[in-house]
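# how would this look folded up:
(2 chains)
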Amino acid sequence: MDYKDTLNLPQTNFPMKGNLPQREPEMLKQWEESNLYGKIEEAGKGRPRYILHDGPPYANGHIHIGHALNKILKDIVLKNKRMSGFAAPYVPGWDCHGLPIELQVEKNLGSKKHEISKLEMRKLCREYAHKFVAIQRAEFERLGILGEWDDPYLTLANSYEGAIARELARFAENGGLYKGKKPVHWCSSCGTALAEAEVEYADHKSPSIFVKFAMKDDLGALIPALAGKKASVVIWTTTPWTLPANLAVALHPELEYVGLEVNGEVLIVADGLKESFLSQIGAEGKLVATFSSKLLERKLARHPFLDQDSVILLGEHVTLEAGTGAVHTAPGHGQEDYELGLKEGLEIYNPVDNRGRFFENIPFFAGQFVFDANKNVIEKLIEVGALLKTAEISHSYPHCWRCKKPIIFRATEQWFISMEKNGLRERALAEINNVAWIPKWGRERIYGMIENRPDWCVSRQRSWGVPITAFYCKSCGEVLADGKIMHHVADLFTEHSSDIWYDWEAAKFLPEGTICKACGKGEFDKEMDILDVWFDSGVSHAAVLELRDNLESPADMYLEGSDQHRGWFHSSLLASVGTRGRAPYKSVLTHGFVMDGAGRKMSKSVGNVVAPEDVIKKFGADVLRLWVAAQDYRDDLRISQEILTRLSESYRRIRNTFRYILGNIHDFDPATDLVPVKEMPEIDRWAMHQLELLKEKVLTAYNESEFHILYHAVNGFCTVEMSAFYLDILKDRVYTSKGSSLARRSAQTVMYTILDNLVRMVAPVLSFTADEVWAELPGKREASVHTALFPALTPECKDAPLEGRWEKMIKVRGEVSKALELARVKKVIGHSLDAAVAIKASGETADLLKEFVGELASIFIVSKAELVEELSGEDVYRSEGGEALEVVVTAAPGEKCERCWCYDETIGQNTEHPTLCPKCLAAVE
RNA sequence: GGGCCUGUAGCUCAGUUGGCUAGAGCACACGACUGAUAAUCGUGAGGUCGGUGGUUCGAGCCCACCCAGGCCCA
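Now for the predicted structure:
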């Protein structure tokens, strides 16, 4: 007789191999056909809301691994919240305006770009953005991210564009919006401002000059050594043409400066640069004084050739890399000069027109092109005796990417949102303290930025964006930025899209009878600048959260990469505080960046880029999701073939545990076969206790968004507690007991509960696999695990004393398995069931073992285990450390039962089944 | 150069207020099983806790400096 048929061996159709690259797309199809997301929304009705607001990726190109990380994290958070009893909608979004799209469209147009109108250009940009939204949407959905993919928010949608214009109107109304000046990269040849991306750096020859700025007053009172001497601060510059715009000279606040007597006058330079300075001007100098820059703060020097003063200021941007440590400062022609000028209240002075020529009222250089003016400035300096040295240098200099000509930095009229008006900075800082930053240091990071940032420049000289809805008087040029009118325009945008700005006459936007406040005339031009795209996405709380019925502001969470402290977190905070007086988020979670296996950043040129598409093709989305969960996202994350291979092996382990349990509960019906915990054998209660601990750990980890802890907990549970211990011990009971026996049903109840709970807990991460297992689980349940809840805590399953007893037993078991291993090496046994063990223990261990005496054999998975007072023979295994434990392993006595493979000394006594042990006889009957 | 952050076995992570012979899983080596089988079980070998100096009876944990790496600025 073949007794194998009388055993209850595992049976399941659930495949061992995930085959995820093939299976996942099928599941996606099924989710779509069954309207899974709709069912999730249905299930969420009436529950408290949890709003995770999606930061919009830019609608350009395919998704990269960083996108995948971000969206998967969001999806894990959301699924976690849904399974915790919240209604957690997910409305994905895209950032659709802006330069990169415009540039790409221009590039695609080639030479035709000059022939088309702004309106046509914008139409092409719109199409381009839509194309990549569709591409990225498919790529995101493939990752298993559930949400309103059919109705995402797009910043190019009419309603969104209207909202952008409306938020700008609010800033206009409360006075936060103003027009000011700021230097920008300017191409004099094209007559246009350039964005950073449109600037190319190339070698260029420039004059290099050292210029004296004579101190206005005698310095004797401050620095006695200089009393009665003519003293000058010396600056170095490679743009002589900016000298007519000079308003100040900057020194470093922490540096020492020196007075050098050269040819009867004193030259002031930084101490650290005095030698190089003297050698460059080819002069001998005598050190006459050393002093702190602070002594000169706010003292006045004379402009070398204009009848005006130049004030000495202190600035951290001054360096000792080159020059003299005294920096010629023209706030209209340099970024750092501009910032210092703003701080010190200097005029942002620009004497240069659109074509790069000095205005007609500029002495000496009127009408001259700036690069031509260089030599004239130098001549002037020679004439007035202010030039110490001139030379020519070749250095990296910005050029226009279009016409390839060198560009200049030039202050132009721009729109700003004031950080001080309405106390925006103060209130934003206060709001930062009301937000939960995860991890905590996010607060320091954004706080420092808001504390120090200049006013927000929101205008861009471009086509693809939402226009700044202001007007200019045709006759006097006065600005008209009226809140009411701007609100009206916003409504028109919502109705028709912002394209109408480029289509309609100004008058069509203005109420009948609008007149200029300055001159009383009634004809206007439209402002042609557009808004910074950070303003677009920054107002999403108004355009999305406030406008959609199922969302609300402030959001519970914003979740983005740590670069967004300067980006979206930042602009959203200012946009919301400036108009609503509060932050748009209650918590902000940030993650690090994805690095290669060595912790280096990915780059195409290095060739260490890992594309999500490749990971999915090779391993499947669940492995990628597991990768996200396994790493501590607060730091940078690493990805490599090795890491993915490890992870996919870990995935297999978890999957196999699921499969094994499924196989063992194939004949189990929870409706009728459930065994109450109280009636279970102790080891089953131990397993229930362990499950309870795991639940606590995992649910806490979800609550605290520490997903890597949950991964390690689940992984450890599957391998240590289950596979290597509980499930291994259970085999005998589950395989050989009668199918419907209490012993077997009890074990099945435990396994069923564990699998049910485990699958729920793992569903936010292993979304595909969990649903696949869910479909195989017995019992009545929701159609998808994604509409189910996390397992409820059942503290009554916890049993601390029992855990303590078993902890010790597990230690003893470890010692026994070492003894078994030695016997195995000596060929005494093969399988552990071939063995009989005799144990000598003392103290508490002995007492404990006595209590377990009947179960020792099954716990050790041996045929016979006995406790003895004395052990003899050579092969006694002695434990190291702790309480003394001695073990002797021998071949088990008796015959091997053909059915359960345990050795028994009574086999053969039954004539009908001469090869079975008594236990199996009972089971077979 | 500045702000914020990170650095524990080959990989991913633990390490509570400073007190352990620094842990776990995976990978690796060896072995067992062939009733979880492209599985499963056991045993074993892996670490001057980025470096140096300091505080302390005692430091992976505290301090200083340095090195390497990341994000954002300049």
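# longest strand of chain A?
The strand that spans the most residues within chain A, counting by DSSP state E, is strand A:199-214.
# how about that one, does it reach RNA strand B?
No - Strand A:199-214 is not in contact with RNA strand B by C-beta under 7 Å from any atom of the strand; minimum separation 12.7 Å. Using the backbone N, CA and C atoms, a C-beta is placed for each residue, glycine as well.
# Remind me what that strand packs against, helices and strands.
strand A:231-237, helix A:274-281, strand A:300-302, helix A:370-384, strand A:387-400 (3 or more C-beta pairs under 8 Å, 6 or more residues apart in numbering; DSSP states H and E).
# domain parsing for chain A?
When chain A is parsed with the TED database, its domains come out as A:20-157+A:540-609, A:164-182+A:414-423+A:451-536, A:192-409, A:635-798, A:818-893.
# Mean pLDDT lowest where, among those?
When those are compared on average pLDDT, domain A:192-409 comes out lowest at a mean of 83.
# just how off-centre is that domain within its chain?
42 Å (C-alpha atoms, centre = their mean, to the nearest Å).
# Distance check, residue A:274 against RNA strand B.
Separation of residue A:274 from RNA strand B (C-beta to the nearest atom of the strand, to the nearest Å): 20 Å.
# likewise residue A:119?
Distance, residue A:119 to RNA strand B, using C-beta to the nearest atom of the strand: 31 Å.
# contacts for the helix or strand hosting that residue?
Residue A:119 belongs to helix A:118-142 when elements are defined using DSSP states H and E. With C-beta atoms under 8 Å, 6 or more residues apart in numbering as the test, helix A:118-142 has contacts from A:24-25, A:28, A:57, A:59-63, A:67, A:71, A:92, A:94, A:96-97, A:101-102, A:104-106, A:108-109, A:113, A:116, A:149, A:152, A:154, A:156, A:463-464, A:499, A:502-503, A:612-613, A:616, A:621.
# Return a PyMOL selection command for the buried portion of the residues you listed.
Buried residues among the contacts of helix A:118-142 (16 or more other C-beta atoms under 10 Å), as a PyMOL selection:
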select buried, chain A and resi 24+28+57+59+60+63+67+71+92+94+96+97+101+102+104+105+106+149+152+154+156+463+464+499+502+612+616+621
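# Okay, and which of the contacts of helix A:118-142 map to strands?
A:94, A:154.
# on that earlier part again, I'd like the domains of chain A as CSV, with distance to residue A:430 appended.
Converted to CSV, the domains of chain A look like this (distance: least, C-beta to C-beta, whole Å):
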stretch, distance to residue A:430
domain A:20-157+A:540-609, 9
domain A:164-182+A:414-423+A:451-536, 9
domain A:192-409, 23
domain A:635-798, 25
domain A:818-893, 58
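# nearest to residue A:435, of these?
Proximity to residue A:435 (C-beta to C-beta) singles out domain A:20-157+A:540-609 among the domains of chain A, at 5.3 Å.
# Give me the distance from that closest one to the chain's centre.
Using C-alpha atoms, centre = their mean, the offset of domain A:20-157+A:540-609 from its chain centre is 12 Å.
# buried sites along the helix holding residue A:119?
A:121-122, A:124-126, A:128-129, A:132-133, A:136-137, A:139-142.
# swap in stretch A:48-61?
So, applying 16+ other C-beta under 10 Å, buried residues of stretch A:48-61: A:50-60.
# picking that back up, strand partners of the longest strand of chain A, parallel vs antiparallel please.
Strand A:199-214 sits in its sheet next to strand A:231-237 (antiparallel), strand A:387-400 (antiparallel), going by DSSP bridges.
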